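K.L.:
build me a structure from this.
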Amino acid sequence: VFFYGGNTGYAQDMTNIMRLARNLKSLEEAHFLIIGQGDEFNLILDLKLKWDLFNVTIMPSIPQNEFSRVLATIDVGLFSLSSQHSTHNVTGKLLGYMLESKPILGSVNIGNDLFETINTSGAGLAFVNGDDDLLADAAIKMTLDNNLRTTMGLRARNLLLSEFSVESAVDSILI
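P.N.:
Numbering: from 1, shown residues only. Okay, the predicted model is just below:
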């Protein structure tokens, strides 16, 4: 289960996630769960119907305690940032994925620090938004290789502790 949770707005370019689902439509093992609200919520509902995406479940926002339970059960955490961004953006959903030791798969705008951070740490795979074939190939590998998902998930947790924890923030400030 590939999971996207949070704002479904323009800044996230939700069509990007839907293209990924369309590219994996023939892979029976892969399913996409999208939970959230935003400016592109109706767009993704329309694309699900238009592209006959039986491999996608879309739900509106849910309470935080339910959201946390969902995070514990998914296989891969998704994120998408619009290619139109011109600045760096660390999306908060990544912290939840890392906390639950989930591998990360996503797309970023050109020059975004997340590209290097995710790829170098081995916490998952990030691509420039629009590299649909590379994103789909990575999603297929993650679907079919449980050991890859487990390893990336553990590295995601380590990334959280080394770069995004309170302790790492204190260390950065005091250095």
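
K.L.:
what are the contacting residues of the longest helix along the chain?
P.N.:
What stands out as the longest helix in the chain, according to DSSP state H, is helix 146-163. Here helix 146-163 makes contact (Cβ atoms under 8 Å, 6 or more residues apart in numbering) with 75-76, 95, 97-104, 117-118, 121-125, 141-142, 167-168. Every residue, glycine included, has its C-beta placed from N, CA and C.

K.L.:
go on, stretch 47-67?
P.N.:
5, 15, 18, 21-22, 24-25, 27, 30-37, 41, 44-45, 70.

K.L.:
nearest residue to the residue nearest the centre of the chain in space, please, no chain neighbours.
P.N.:
Computing the C-alpha centroid of the chain and ranking residues by Cα atoms, centre = their mean puts Leu78 first, at 1.4 Å. Distances taken as Cβ to Cβ, 6 or more residues apart in numbering put Tyr4 closest to Leu78, at 4.2 Å, once the chain neighbours are dropped.

K.L.:
how about that neighbour, phi and psi?
P.N.:
Phi and psi for Tyr4, reported as degrees, to the nearest 10, are phi -120, psi 120.
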